[in-house]
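*Asks:* have a look at this prediction, sequence included:
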Amino acid sequence: MSTARIAVASHNPVKVRAAQEALASSFADRVWLTCPHSVCSGVSEQPMTEAETREGALNRLANLKQHQPDADFFVAFEGGYDRLDGVPCTFAYIAVCNGVRTQVGRSAALPLPPRIAARLEQGEELGPVMDHTFAQHNIKQKGGAIGVLTGGLMDRAGVYRDTLLLLLAPFRYPELYPDSVKE
């Protein structure tokens, strides 16, 4: 079995685990070594639009490729907030690249309670707001808002992993996706 490296644009264990699980499942013929890196997103600590969140994921991906250019796959996650059809929601954009092809996509959106949305719109970040609201510590490195608000039925790592699994389809079957984004 060959060894391959995943460079992940975060040290957050939720993001590292999501990348590891998605690539290990998609390409089970390899042993995956995960290399986390802290890289700048170039956007706000709490991105407040879909566009800003997507830009943050792409910026992290570009910066990650500079940190570890020899990786087999590069994965970047950026969590954000926006009102989708008027509903306050949190979601993430994920960018993945193998040096030839880049795929970018958005996770499912979690509706947020109005009082949490109001605090985000006043400039606070979701993780600390959730910690304060639910008297917990460092929710964003655990189940996240997703885990808390679904009563543990889903968690942040699972949503990120599942979104990444979908984005990996063109890498699994490149002959079926000739028009996918290439570098």
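*Replies:* Sure thing, it's come through.
*Asks:* what are the contacting residues of the helix or strand hosting Thr163?
*Replies:* Using DSSP states H and E, Thr163 maps to helix 156-167. Contact with helix 156-167 is made by 14-15, 17-19, 21-23, 25-26, 75, 77, 92, 94, 96, 103-108, 140, 142-147, as judged by C-beta atoms under 8 Å, 6 or more residues apart in numbering. Any C-beta I mention is one placed from the backbone N, CA and C, and that applies to glycine too.
*Asks:* filter the residues you listed down to the buried ones.
*Replies:* 14-15, 17-19, 21-23, 26, 75, 77, 92, 94, 96, 103-104, 106-107, 140, 143-147 (16 or more other C-beta atoms under 10 Å).
*Asks:* tell me which of those fall in strands.
*Replies:* When DSSP state E defines the strands, the subset of the buried ones among the contacts of helix 156-167 inside them is Val75, Phe77, Ala92, Ile94, Val96, Gln103, Val104, Arg106.
*Asks:* okay, now the unreliable bits of the protein?
*Replies:* 141, 180-183 (pLDDT under 70).
*Asks:* identify the spatial nearest neighbour of Pro114, chain neighbours not counted.
*Replies:* Nearest residue to Pro114, sequence neighbours excluded (C-beta to C-beta, 6 or more residues apart in numbering): Pro88, at 6.9 Å.
*Asks:* what's the angle from the one helix or strand the one you found maps to to helix 156-167?
*Replies:* In this structure, Pro88 is located in strand 87-97 according to DSSP H and E. Relative orientation of strand 87-97 versus helix 156-167 (axes from the mean of the first three to the mean of the last three C-alpha atoms, to 10 degrees): 60 degrees.
*Asks:* on that earlier part again, what comes up buried for the next helix or strand after the helix holding Thr163?
*Replies:* Scanning forward in sequence from helix 156-167 by DSSP H and E, the next helix or strand is helix 169-172. By neighbour count on 16+ other C-beta under 10 Å, the buried set for helix 169-172 is Pro170, Phe171.
*Asks:* okay, now Ala4: neighbour count?
*Replies:* Ala4 has 17 neighbouring residues, counting by other C-beta atoms under 10 Å.
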